[in-house]
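Asks: dropping a prediction and its sequence here:
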Amino acid sequence: MDPAFEMQLGEIENTFEEVEASLSDPEVISDPAKLAELGKKHADLRDVVGDIRRWRQVRTDLDEAREMAGDPDMAILAEELASEMESIEAQIKTALIPKDPNDKKDVILEIRSAAGGDEAAIWAGDLLRMYEKYADRLGFKIEALDSSPSETGGYDKVTVAVKGRGAYSKLKYEGGVHRVQRVPKTESQGRVHTSTATVAVLAEAEEVDIQIDPNDVRVDVYRSTGPGGQSVNTTDSAVRLTHEPSGLVVSMQDEKSQLQNKEKAWRVLRARLLQASQERAQAELAGERRTQVGTGGRSEKIRTYNYKGNRVTDHRIGLTIRRLDQILEGDLDGFVDALAADKQAQLLAKGE
């Protein structure tokens with residue numbers, strides 16, 4: 001066992017014991033906010049401290065068994081205890097991986113058509129339906145925020161909120177270029193076309209997460225437009241927010257009420273600014289949103305959906321699942337679980 005790691009375990013046990021003692025302190029009991037904070041910390045540490053204590057006991061038993069290794073039964077027991085100790089150690093290391101602070105947040109999902117013209121817009125609509133079905137499977141709610149429907153079906157751009165505890169933890173690996181290979185309904189020669197749509201996944205920010213000076217935001221109002229640019233409203237209900245320090249621009253026009261469009265635009269602006277702030281704070285994640293959406297070119301992709309082969313391939317982990325039909329019905333667990341496991345393995349390898 002690495003001495004530094006064992007020291008870390010000792011520090012965790014000491015912290016847990018201090019928190020446990022504080023929970024019976026009259027001053028803490030009389031302060032509901034402090035009591036709730038310490039109660040959460042106690043709950044977060046309880047399981048891992050239980051594993052640490054079990055690991056220590058198994059190590060003691062293993063040392064004793066090895067001292068009697070001349071006994072065949074003790075030799076077998078030592079092997080079993082060594083295996084158990086290794087398993088508990090791996091479990092502790094996994095528990096100690098820093099949690100993503102966004103994991104429990106709701107999500108703002110932006111889908112845009114990219115390469116492929118009309119077919120790309122139709123594909124963007126198909127991706128939206130896939131995520132709607134996935135959200136429904138998990139008991140999450142979808143809230144429409146903004147959309148620019150395409151004249152031939154689908155969307156040039158569509159933005160929705162996915163609401164539910166842990167929504168970000170389930171969708172955060174979906175950001176990137178999604179490539180489809182299929183014969184479009186409009187293709188008379190039966191030729192396979194390749195089209196793409198980009199997906200950006202933003203953790204929805206609360207006002208306490210990100211402070212925005214209203215004086216830094218320019219608000220413009222205008223009339224909503226539909227496919228082809230025609231006006232669909234006789235009043236100036238559409239809203240455009242421009243955050244001048246960063247240059248970020250957010251437009252909303254789906255609601256008939258200017259107030260509702262403005263409220264939704266602020267939600268998206270907060271989410272984008274939160275992501276930008278977190279990227280600056282974590283250099284290794286710098287430019288994550290740019291990495292997610294890229295340029296939308298056909299060669300830039302995180303995942304390919306091949307209709308002829310009824311298969312979907314995630315290029316980041318080299319995983320191919322041959323049931324595209326079920327995946328488009330929202331059965332994304334295979335990819336989500338594999339990507340989460342891969343990320344966890346990377347963090348363990350780094351010793352984080």
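Replies: All right, it came through fine.
Asks: give me the below-cutoff pLDDT ranges for the stretch 101-250 of the chain.
Replies: Within the stretch 101-250 of the chain, the stretches with pLDDT under 70 are 207-209, 225-235.
Asks: go with 50
Replies: Counting by pLDDT under 50, the stretch 101-250 of the chain contains low-confidence ranges at 228-229, 231.
Asks: would you map the helices across it?
Replies: With DSSP state H, counting those that start in this stretch as the criterion, the stretch 101-250 of the chain has helices at 118-138, 167-171.
Asks: count of residues packed around Lys157?
Replies: By the measure other Cβ atoms under 10 Å, the count of residues near Lys157 is 18. All C-beta atoms are positioned from the backbone trio N, CA, C, and that covers glycine.
Asks: how about the one 3 residues further on?
Replies: As a burial measure, Val160 scores 20 neighbours (other Cβ under 10 Å).
Asks: that one contacts Glu143, doesn't it?
Replies: Yes - checked against Cβ atoms under 8 Å, the pair Val160 and Glu143 is within contact range at 6.3 Å.
Asks: any idea how the chain splits into domains?
Replies: Partitioning the chain according to automatic domain parsing yields domains covering residues 3-95, 107-344.
Asks: which of the ones you listed sits closest to Pro101?
Replies: Set against Pro101 and scored by Cβ to Cβ, these come closest in domain 107-344, at 8.0 Å.
Asks: distance between the ends of that closest one?
Replies: In terms of Cα to Cα, to the nearest Å, the two terminal residues of domain 107-344 are separated by 21 Å.
Asks: how far does that domain sit from the chain's center?
Replies: Averaging C-alpha positions (Cα atoms, centre = their mean, to the nearest Å) puts domain 107-344 13 Å from its chain's average.
Asks: for Asp337, what is the enclosing helix or strand?
Replies: Element membership of Asp337, judged by DSSP states H and E, is helix 333-350.
Asks: er, Leu259 actually
Replies: Under the criterion DSSP H and E, the helix or strand holding Leu259 is helix 258-281.
Asks: leaving out the residues flanking it, which one is nearest to Thr196?
Replies: If you skip the residues right next to it in sequence, Thr196 has Ala114 as its closest partner in space, 4.3 Å away by Cβ to Cβ, 6 or more residues apart in numbering.
Asks: does the one you found really touch Val180, like I thought?
Replies: No - under the criterion of Cβ under 8 Å, Ala114 makes no contact with Val180, lying 10.7 Å away.
Asks: which residues do those two both contact?
Replies: Overlap between the neighbourhoods of Ala114 and Val180 consists of Ser195, Thr196, Ala197, taking contacts as Cβ atoms under 8 Å, 6 or more residues apart in numbering.
Asks: these in strands, which ones?
Replies: For the shared contacts of Ala114 and Val180, membership in strands holds for Ser195, Thr196, Ala197, with DSSP state E as the criterion.
Asks: on that earlier part again, settle it for me: which of Ala114 and Val180 has more neighbours?
Replies: Between Ala114 and Val180, counted using other Cβ under 10 Å, Val180 has the larger neighbour count: 28 against 24.
Asks: against Ile122, how distant is the more buried one?
Replies: 9 Å (Cβ to Cβ, to the nearest Å).
Asks: with only the CA atoms kept, save stretch 172-184 in PDB.
Replies: C-alpha atoms of stretch 172-184 as PDB (Å, rounded to 0.1, in the frame of the first residue of the first chain):
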ATOM      1  CA  LYS A 172     -22.700  15.000 -20.500                       C
ATOM      2  CA  TYR A 173     -20.900  12.600 -22.800                       C
ATOM      3  CA  GLU A 174     -23.400  13.300 -25.700                       C
ATOM      4  CA  GLY A 175     -21.800  16.600 -26.700                       C
ATOM      5  CA  GLY A 176     -20.100  16.500 -30.100                       C
ATOM      6  CA  VAL A 177     -20.700  15.800 -33.800                       C
ATOM      7  CA  HIS A 178     -23.200  13.000 -34.500                       C
ATOM      8  CA  ARG A 179     -22.900  11.500 -38.000                       C
ATOM      9  CA  VAL A 180     -25.600   9.600 -39.800                       C
ATOM     10  CA  GLN A 181     -25.200   7.300 -42.900                       C
ATOM     11  CA  ARG A 182     -28.500   6.500 -44.600                       C
ATOM     12  CA  VAL A 183     -30.500   6.800 -47.700                       C
ATOM     13  CA  PRO A 184     -32.600  10.000 -47.400                       C
END
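Asks: would you mind finding the longest helix in this protein?
Replies: Ranked by number of residues, the top helix in the chain under DSSP state H is helix 32-67.
Asks: how about that helix: buried residues?
Replies: For helix 32-67, the buried set under the neighbour-count rule, 16 or more other Cβ atoms under 10 Å, comprises 35, 38, 41-42, 45, 48-49, 51-52, 55, 58-59, 61-62, 65.
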